[in-house]
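Undergrad: For reference, the sequence and a predicted model appear below.
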Amino acid sequence: MNDIKNPRTLSKSRFKSALECPTKLYYYGKKKEYANQMAENEFMMALAEGGFQVGELAKYSHPCCEDMGNCGHHIQSLTYHDSLAETAKYIHNENVILYEPAVAFENLFIRIDVLGKNGNEVELIEVKAKSYDSKKGFRNKNGIGEFIASSWRPYLYDVAFQTWVMEQAYPDWNVKPYLMMADKAATATVDGINQLFRVKKNENNRTVIEVTEEITPERLGDSVLVKVPVREYVEMIWNGQDINPLKKEYEEYKNFFERAREYAGFYERDERYPVTVGLKCKHCEYKNTPDSAAKGLKSGYEECWQEKFGDDFDFEEPHVFELWNFRHTRDALERGIYFLKDLIYEDLFKSEPKIPEKGMASVDRQWLQVNKRTGRDMEDEHINPELFDEMNEWDYPLHFIDFETSMVSIPFTSGRRPYEQTAFQFSCHSLHKDGRMEHREWINGEPGVFPNYEFTLALKKTLGNDDGTIFRYSNHENTVMRQIHRQIENDDEIDVFKDSGTSNAEIMDWIDTITNWEVIDLDGKKSRDRGDRDMIDLWKCVKSYYYHPMMKGSNSIKQVLPTVMNVSDFLKAKYSKPLEFGINLKSRVLWQADSNGKVLDPYKLLEPIHDDISGNELYLERGEIQDGGAAMVAYAKLQFTQMSDSEREAIIQALLRYCEMDTLAMVMIYDHWHNCYYTKHLKN
């Protein structure tokens, strides 16, 4: 039933959700009724990427006065009627700048980031904390394709929706839509731009921006934001020309305007849109977790599948959605295959699979998962003996490293670009041949500092005194070190390491020894060069050599660690006693079990990084947990929010615990494998 004070209108965020799946509108906003694993996602991502700072900086890019005074009108009202009434006071002025004005038409409602009006000429500006590359633009094929790139469609649909509502509400106006974003080609010319805008909560617990000092053109320097006209893309969307017709889903064939009105009608009536299931369901945020189920929340995902297939649909049966790296999920669903048990080997590939030099081929790894998850293969743990051959090549001391990083939209210091990699923390566990373990760490918690070069020096000091094998988990650490290598190379006119007694070239050479990178020969052929100590990727070792059905379809360290802890008597014996090494985790008991004997996830034994950010429960992308996400948000809090010294220290200590747990997790996985290797040789 519609609330007169707050009518059920289709906003731009609700329209975005409906584009993903119109049935989601029925669950949207019902926080006390339905689980939503993405409930805090937008706020957390905006904080982590500096989105609040981008939004505030955009206002100062559109001042009413030359002296940059805040003489535009910021519409502060939050409710439907109040925001419209406040907007109406100013929107008919001949010349005006409005921030977050409200516009309504029928049962459609929008809040525009920045609106600039000069007579009947109106600029509608949507501000996004997203990087823009003018060389690629918004189209496929490096900006020259016929259709809009899928990565840009959500943003451009947002603007298309707002432009249409604005034109319906004010048909005599000439609306010019823009996207305003961080320009990857721009370079900051002043220090600390993002420190001008601090995030805080007001007395109503609403997120607001506090300006920390007087804003002048000189203080802002050259703009790192770019305002891109997008009228042609808006009209492509309106005309149904934005997507290749051969790749359109059923909903995408509908007229844009009729589609919006249809979704608005269903939302206004609080009526569930007719359910269709498919690949889109894989990342549905309206799924239950044990925690949300314990709170009595319902699963929209389950309701949809039950409506389609009946109340007896078995959610305990392993679904094709969990099959690792499965590229033919859509095809399987269209053929009525929903469970792993119904797959045959030939369903996993369309052409003859490639056989790797070592380890399992992807298709064989998938088939192994199918057999173990469905009970066809009764032996749970699989360890390919080739793993032990590879372990024989590893040299002590073994160094297990993990980085925490951030990529913010507004640079910390002059000379830096938007979305440059910022490495603010590392942890390293080093296992010596005699069994001795060392833990070393480094962190920067100081606001407004570009830490990468100090980070690199500390890492070199940690790893540079021996030839031991270095381990990472996935490719992140290699990517970060190559990006730092390029940063040093681009700063070649500055001797950035002069105070350390070394040179730029020496540091770059050292980075080369522990990484791999792409090279292109004169014929354009690509290959990879590798340093003498190129880091070993434990994620690849898991993928190539190890599987247990408890991992389901994930090779994430957050899934592999609890698995090996549940199956390994060796880990139980070692880690059910107080930890004898480390810094932040020393003396902790990390092997603990619940009343059913199932091992508790060690990450959940850690105190949260901050009040609302736990170490492994931050959902950031497509409904999946992204490792390091909580750390990234915590670092953003250190950079962008007001807090006491004690709060700052608490976050830093929590970050140190979290990162140390990441490298200890790698050690524990290695411990299990090494014990299996040792046991195998004893038997022989």
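TA: Here it is on my side, so go on.
Undergrad: Need the pLDDT of residue 45.
TA: pLDDT for residue 45: 65.
Undergrad: same check, this time on residue 642
TA: Residue 642 is given a pLDDT of 77.
Undergrad: For residue 639, see how far away the nearest residue to it once chain neighbours are set aside is.
TA: Closest residue to residue 642 apart from its sequence neighbours, by Cβ to Cβ, 6 or more residues apart in numbering: residue 200 at 4.7 Å. No exception for glycine: its C-beta is placed from N, CA and C like everyone else's. Residue 200 sits 13 Å away from residue 639, taking Cβ to Cβ, to the nearest Å as the criterion.
Undergrad: Could you count how many residues lie near the residue nearest to residue 642?
TA: 13 (other Cβ atoms under 10 Å).
Undergrad: can you check residue 247 too?
TA: Neighbours of residue 247 (other Cβ under 10 Å): 9.
Undergrad: hang on, the earlier thing: Three-state assignment for the residue nearest to residue 642, please.
TA: Of the three states, residue 200 takes strand according to DSSP: H, G, I helix; E, B strand; the rest coil.
Undergrad: For it, name its beta-bridge partners.
TA: residue 208 (DSSP bridges).
Undergrad: tell me the contacts of it?
TA: For residue 200, the contact set (Cβ atoms under 8 Å, 6 or more residues apart in numbering) comprises 207, 208, 209, 210, 641, 642.
Undergrad: Just the closest of the residues you listed to residue 545, please.
TA: If you rank the contacts of residue 200 by distance to residue 545 using Cβ to Cβ, residue 641 comes first, at 43.3 Å.
Undergrad: in what helix or strand does residue 307 lie?
TA: Secondary structure assignment for residue 307, by DSSP states H and E: helix 300-309.
Undergrad: again with residue 435
TA: Residue 435 belongs to no helix or strand, assigned by DSSP H and E.
Undergrad: Quick one, grab the pLDDT at it.
TA: Reported pLDDT for residue 435: 94.
Undergrad: what does residue 625 give?
TA: 30.
Undergrad: same deal with residue 614?
TA: On the pLDDT scale, residue 614 gets 45.
Undergrad: same question, residue 554
TA: Checking the pLDDT column for residue 554, the value is 92.
Undergrad: Identify the residues contacting residue 198.
TA: Residue 198 neighbours (Cβ under 8 Å, 6+ apart): 209, 210, 212, 640, 641, 642.
Undergrad: do the same with residue 199
TA: 47, 52, 207, 208, 209, 210, 640, 641, 642.
Undergrad: Run a quick neighbour tally on the third one.
TA: By the other Cβ under 10 Å criterion, the neighbourhood of residue 207 contains 13 residues.
Undergrad: I'd assumed residue 52 was in contact with it.
TA: Yes - judged on Cβ atoms under 8 Å, residue 207 makes contact with residue 52 at a distance of 7.1 Å.
Undergrad: And for residue 319, the neighbour number?
TA: 19.
Undergrad: To clarify, my last question referred to residue 546.
TA: Counted by other Cβ under 10 Å, the residues lying close to residue 546 total 25.
Undergrad: Check residue 223 too.
TA: Using other Cβ under 10 Å, residue 223 has 19 other residues around it.
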